[in-house]
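K.L.:
Dropping the sequence and predicted coords here.
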Amino acid sequence: QSLGSNYWHQNRRPVQLNKDIPDNKRAKGVIVILARNSNLHGVRASLRQFEARINHRFHYPYVFLNEEPFTDEFKHYVNLLISSTAQYGLIPRQILDQHRVGPPTGHVPTWWGYPDHIDQEKAKLKREEMAALESPPPYADSESYRHMCRFQSGFFFRHPLLDGYDYYWRVEPDVDFYCDVDYDVFQLMKDKGFKYGWNIAIQEIPETIQTLWAATRRFLQRFPAYGVFDSEQSLLTWIMKFDENQIDDYNGCHFWSNFEIGSLDFFRSKPYLDFFDHLDQEGGFFYERWGDAPVHSIAAALLLKKSEIHFFNDIGYNHPPIAHCPTESYLQEKCHCDPAINIDWKDGSCAIPYKDIDPHFVWDEFTYYQE
Ligand code: GDP
Ligand code: MN
């Protein structure tokens with residue numbers, strides 16, 4: 001609904017500044033960017049807007065991750081346009097898993113590379129099969145894309161450079177940030193108890209996740225206590241569909257994870273780690289092309305209450321070819337996108353069914369942070 005252009009001026013709430021938050025209540029947040037050295041200019045383009053629209057007010061620190069060392073050139077040109085500090089980390093191929101909860105599993109997980117149980121010949125054949133489809137999905141034959149998706153699904157949150165942080169904001173090269181954000185999003189996450197925040201929700205390409213739902217079902221058989229099934233609190237209906245015999249399947253809806261604001265502790269929790277381990281053992285990161293977006297989203301729908309998930313409608317964002325642009329006029333005043341490009345109401349978007357079940361679907365209440 002449109003709230004009129006004076007809405008913002010009349011209803012402006014005091015913005016609590018980061019410096020006024022007492023230390024023991026402060027949310028520890030970090031911007032996390034996975035990138036190659038060749039992404040330098042795309043990263044700088046993203047950060048130019050991220051800084052101008054958001055981070056010049058908050059100076060959140062950055063952690064850059066890469067499976068190869070970042071070059072001095074990369075660091076130099078990034079450092080020139082950020083208003084905070086950056087750390088540049090190497091992703092270890094393998095590392096002893098210090099965040100593992102519970103008894104040792106006996107295996108040392110590879111962070112970026114094939115785990116021992118993967119049949120690499122089979123993985124290659126499966127990639128070739130996918131690439132030979134009549135309309136192959138993007139990255140059908142890419143090996144590195146699969147390592148990337150597995151890393152983002154199961155490992156980024158365990159990187160030692162993130163150890164001191166509770167919340168992360170994922171940023172990618174070549175994206176746009178369209179709107180001024182003048183409240184501390186990490187503080188909002190912490191104070192409201194949010195564990196996962198998103199702004200674009202779409203449907204996954206079925207060919208990339210053929211057996212992901214079956215694998216999730218087997219996980220639930222192993223760990224039935226983990227799921228949030230209470231119909232008042234569960235988000236499961238948003239990701240499920242039923243055939244004429246009432247057999248359930250995944251409907252493909254997922255939060256597009258190139259934008260993500262989330263709780264690191266959620267991903268470091270035993271239920272999530274057990275979920276990831278289970279999926280990793282099933283092999284679909286390599287035999288299919290499971291994306292970190294459907295993996296994170298199924299985990300969120302399964303393991304979190306819907307009150308712990310937040311739609312950042314106010315953070316206009318573009319990851320070509322899809323954009324979220326807030327259509328409310330009081331938000332438009334703070335943005336530079338054409339609301340006609342907004343994905344929310346278009347084919348393939350999962351935002352409309354989400355709005356039906358969203359417990360915080362009251363734009364003005366959550367648009368500005370106040371304490
Ligand atoms: P898309 O958004 O699904 O089209 O995939 P991208 O190519 O944007 O990759 C997603 C994220 O992972 C981006 O932040 C990339 O910079 C990063 N990325 C993808 N592949 C690699 C890789 O092989 N190495 C590194 N270091 N980063 C990668
Ligand atoms: Mn991308």
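P.N.:
Yep, that arrived. Numbers count the residues shown, from 1 in each chain. Ligands and ions are numbered 1, 2, ... in the order given.

K.L.:
C-alpha only now, for contacts and for neighbours.
P.N.:
OK.

K.L.:
which residue does the stretch 201-350 of the chain bring closest to ligand 1?
P.N.:
Nearest residue of the stretch 201-350 of the chain to ligand 1 (Cα to the nearest ligand atom) works out as Asn258 at 6.1 Å.

K.L.:
what about that residue, neighbour count?
P.N.:
By other Cα atoms under 10 Å, the residues close to Asn258 number 20.

K.L.:
quick one: pLDDT of it?
P.N.:
Looking at Asn258, its pLDDT reads 98.

K.L.:
and the stretch 1-150 of the chain, which residues reach ligand 1?
P.N.:
Taking Cα under 6 Å from any ligand atom as the measure of proximity, the stretch 1-150 of the chain contacts ligand 1 at 34-36, 66-67, 144-145, 148.

K.L.:
Save the residues you listed as TSV, and put in secondary structure too.
P.N.:
Below are those laid out as TSV (DSSP: H, G, I helix; E, B strand; the rest coil):
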residue	secondary structure
Leu34	strand
Ala35	coil
Arg36	coil
Asn66	strand
Glu67	coil
Ser144	helix
Tyr145	helix
Met148	helix
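
K.L.:
can you put those in TSV and add neighbour count and pLDDT?
P.N.:
Output for those, formatted as TSV (neighbours: other Cα atoms under 10 Å; pLDDT from 0 to 100):
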residue	neighbour count	pLDDT
Leu34	22	98
Ala35	20	98
Arg36	18	98
Asn66	18	97
Glu67	17	95
Ser144	12	97
Tyr145	17	98
Met148	22	98
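
K.L.:
out of those residues, who's nearest His59?
P.N.:
Leu34 (19.0 Å; Cα to Cα).

K.L.:
looking at the sheet around the closest one, what are its partners?
P.N.:
Judged by DSSP bridges, the bridge partners of Leu34 are Leu65.

K.L.:
which helices and strands sit right next to whichever strand or helix holds Ser297?
P.N.:
If you go by DSSP states H and E, Ser297 is part of helix 292-303. If contacts are counted by 3 or more Cα pairs under 8 Å, 6 or more residues apart in numbering; DSSP states H and E, helix 292-303 sits against helix 143-154, helix 236-239, strand 253-255, helix 270-282.

K.L.:
list the buried ones in the third one?
P.N.:
Of the residues in strand 253-255, those buried by neighbour count under the rule 16 or more other Cα atoms under 10 Å are 253-255.

K.L.:
I am finished for the moment; much appreciated.
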